[in-house]
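Visitor: let's see this in three dimensions:
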Amino acid sequence: MKNIILSVSSDIGYELALSLRKKKFDVIGTYRNFSKKCSQLKKDGVRLFECDLSLKKSIGFAANVISKEGKWDNLILSAGTQEPIGKFADVNFDDWVKSINVNFINQTRFLHKLMPFRNTDQNKTPRVLFFAGGGTNNATLNYSAYTISKIASIKLCELLDAEYSDTIFTILGPG
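Guide: Coordinates of the predicted model:
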C-alpha cells in the first residue's frame, strides 16, 4: 500500500509516517526544510521529496516526481501554519493570503496534480485525508486565515467525496 504524506516533517505527518512504516507500508513524504525528523524517516525507508507549499513551482516539481512513483492508495495532507496570528486588521494582509495559500490553495493544488494517479484498480479504494485543526466550530480569535483555510478544506472534502465515488475523502479535526 503506497502512502503519500504532504508535510511528513510536521508532528502529525511524522508520527503517521512512523506508524505506517512499522506496518511495512510504502511511504513517500514531502518536507519544506530537511530536519532531524527527515533524517530519521529516511533511515526508516521513507522516500522524501522537497516541497515548499508557498511556492507553486516547488509543488509542481514535487507532484511531478511523486507521480512517477506509481499509483497511490492514501494521500495525507498534514501541512499547516497558524501564522499570521493577530486581529484581522492588524496582521499583514500578504501574510494572511500566504497562510491561506499554504493551508488550503496549495495543498489543493498538490491534490489536484496527484488525483489522476490514485489507485482505483480492481477492489482498490484510494483515500485522501485532510486535517481541519481546531476552531472550525466557533470563532478562533486571532487565527482568521488558518480558520478560514480549514473551513474551506472541510467544504472541499465534502464536495470531492460527492464527486468521486471511487475515492474516499475524509477530514479530521484533531484540535
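Visitor: centroid residue for the chain?
Guide: The centroid of the chain falls nearest to Leu77 when counting by C-alpha atoms, centre = their mean (1.8 Å).
Visitor: show me what contacts that one?
Guide: With contacts defined as C-beta atoms under 8 Å, 6 or more residues apart in numbering, the neighbours of Leu77 are Leu6, Ser7, Gln107, Phe110, Leu111, Val128, Leu129, Phe130, Phe131. (C-beta placed from N, C-alpha, C; glycine too.)
Visitor: just among the residues you listed, which is most surrounded?
Guide: Looking at the contacts of Leu77 with neighbours defined as other C-beta atoms under 10 Å, the largest count falls to Leu6 at 27 neighbours.
Visitor: I figured it was touching Trp72, is that so?
Guide: No: in this structure, Leu6 is not within contact of Trp72 by C-beta atoms under 8 Å, at 11.5 Å.
Visitor: phi, psi for Gly86 please.
Guide: phi 150, psi 170 (degrees, to the nearest 10).
Visitor: just to revisit the earlier point, so what sits opposite the residue nearest to the centre of the chain in the bridge?
Guide: Leu6, Phe130 (DSSP bridges).
Visitor: quick check: pLDDT value at it.
Guide: With respect to pLDDT, Leu77 has a value of 96.
Visitor: gap between it and Asn106?
Guide: 10 Å (C-beta to C-beta, to the nearest Å).
Visitor: then Leu41?
Guide: 22 Å.
Visitor: for Ser54, same thing?
Guide: Distance, Ser54 to Asn106, using C-beta to C-beta: 7 Å.
Visitor: who has more neighbours, the two?
Guide: Neighbour count, other C-beta under 10 Å: between Ser54 and Asn106, Asn106 has more, with 22 against 13.
Visitor: pretty sure the more buried one sits in a strand.
Guide: No: assigned with DSSP: H, G, I helix; E, B strand; the rest coil, Asn106 falls outside any strand and is helix.
Visitor: three-state assignment of the closest residue to it other than its chain neighbours?
Guide: Sequence neighbours aside, Leu53 is the residue nearest to Asn106 in space, at 4.5 Å (criterion: C-beta to C-beta, 6 or more residues apart in numbering). With three-state DSSP as the basis, Leu53 sits in coil.
Visitor: which phi and psi does Leu53 have?
Guide: Here is the backbone geometry of Leu53 (degrees, to the nearest 10): phi -70, psi -10.
Visitor: use 18 as the first number for this chain going forward.
Guide: Sure, I'll start counting at 18 from here, so that last one is Leu70.
Visitor: which ones are touching it?
Guide: Leu23, Ser24, Arg49, Ile76, Ala96, Asn118, Val119, Asn123, Gln124, Phe127.
Visitor: export those residues to JSON lines and tack on distance to Asp112?
Guide: JSON lines is the format used below for the contacts of Leu70 (distance: C-beta to C-beta, whole Å):
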{"residue": "Leu23", "distance to Asp112": "21"}
{"residue": "Ser24", "distance to Asp112": "19"}
{"residue": "Arg49", "distance to Asp112": "16"}
{"residue": "Ile76", "distance to Asp112": "19"}
{"residue": "Ala96", "distance to Asp112": "16"}
{"residue": "Asn118", "distance to Asp112": "10"}
{"residue": "Val119", "distance to Asp112": "10"}
{"residue": "Asn123", "distance to Asp112": "15"}
{"residue": "Gln124", "distance to Asp112": "18"}
{"residue": "Phe127", "distance to Asp112": "21"}
